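**Student:** just the structure for this:
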Amino acid sequence: MNDDLTAHTKAPEQKKTLTIYGLFIAALLGSFLPSLIFASAAFILFFVVLIAAYIMRGGADEDSLTQNHMTYLIRTIWIGSLIMTVTTLVGSVYLYASVDNAPLMPCLERFVDSSTLMQAQSMSGLKQLFGSCFDSYIKVNLMVFIIGGIICAGAPVAYFSYRLFTGTKATLNNAKITNVKRWL
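**Tutor:** Residues are numbered from 1 along each chain as shown. Now for the predicted structure:
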């Protein structure tokens, strides 16, 4: 009977923790949708999760499930952000050094020409001006863009996925993370 009472009192704590994990997963998935609106919403949701985790941790009992998992999530966000910053810098250097801009040169020369400068002041004008060069630019640099994307996103996505899977699984089992201070 006492075990049923204990399980019942932990249910709200477990639900709140799972909700935060769910929001974090939604933010992570939303960041991959090819829309500026969804990417912006995902970015805001990351901050909401971080703030909510700090608030929930601050109001939780010492050594509680909520305090344990919110510390784990906060560390996940900060360490993941550090990894993302480093891989973005490395990926940017790779792209800068590897991209071949030669297919854009004919369009850039037309852009510099004063007669086409007026035409290029609108988005449709820019699309007309650079459209003929864009396909060949992508074709020549496709593998470079793919590798750059893997460099930028591979490690952060793997890190966030692992940490979210581990945290969600532990929460579903109503268990704490054994060492919330570890990086992995």
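
**Student:** now this protein, which segments are flagged as low pLDDT?
**Tutor:** By pLDDT under 70, the low-scoring segments of the chain are 1-10, 111-129.

**Student:** what about the helices in it?
**Tutor:** Using DSSP state H, the helices found in the chain span residues 2-30, 36-59, 65-98, 105-112, 114-117, 123-172.

**Student:** just put those in a markdown table and tack on distance to Arg182 and mean neighbour count.
**Tutor:** No exception for glycine: its C-beta is placed from N, CA and C like everyone else's. What follows is the helices of the chain, written out as a markdown table (distance: least, CB to CB, whole Å; neighbours: other CB atoms under 10 Å):
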| stretch | distance to Arg182 | mean neighbour count |
| --- | --- | --- |
| helix 2-30 | 18 | 15 |
| helix 36-59 | 17 | 15 |
| helix 65-98 | 9 | 17 |
| helix 105-112 | 50 | 14 |
| helix 114-117 | 57 | 10 |
| helix 123-172 | 10 | 15 |
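
**Student:** and those helices as JSON lines, adding distance to Val180?
**Tutor:** Converted to JSON lines, these look like this (distance: least, CB to CB, whole Å):
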{"stretch": "helix 2-30", "distance to Val180": "13"}
{"stretch": "helix 36-59", "distance to Val180": "11"}
{"stretch": "helix 65-98", "distance to Val180": "5"}
{"stretch": "helix 105-112", "distance to Val180": "52"}
{"stretch": "helix 114-117", "distance to Val180": "58"}
{"stretch": "helix 123-172", "distance to Val180": "10"}
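
**Student:** out of these, flag the one nearest Trp183.
**Tutor:** Between Trp183 and the helices of the chain, the shortest gap by CB to CB is with helix 65-98, which sits at 5.8 Å.

**Student:** just checking, what packs against the closest one?
**Tutor:** With contacts taken as 3 or more CB pairs under 8 Å, 6 or more residues apart in numbering; DSSP states H and E, helix 65-98 sits against helix 2-30, helix 36-59, helix 123-172.

**Student:** mind putting the ones you listed in a markdown table, distance to Thr76 included?
**Tutor:** Rendered in a markdown table, the data for those read as follows (distance: least, CB to CB, whole Å):
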| stretch | distance to Thr76 |
| --- | --- |
| helix 2-30 | 8 |
| helix 36-59 | 9 |
| helix 123-172 | 4 |
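
**Student:** closest one to Lys181 among those helices?
**Tutor:** Closest approach to Lys181 among those (CB to CB): helix 123-172, 13.0 Å.

**Student:** now that closest one: how far from the chain's centre is it?
**Tutor:** The gap between the average C-alpha position of helix 123-172 and the chain average comes to 11 Å, counting by CA atoms, centre = their mean, to the nearest Å.
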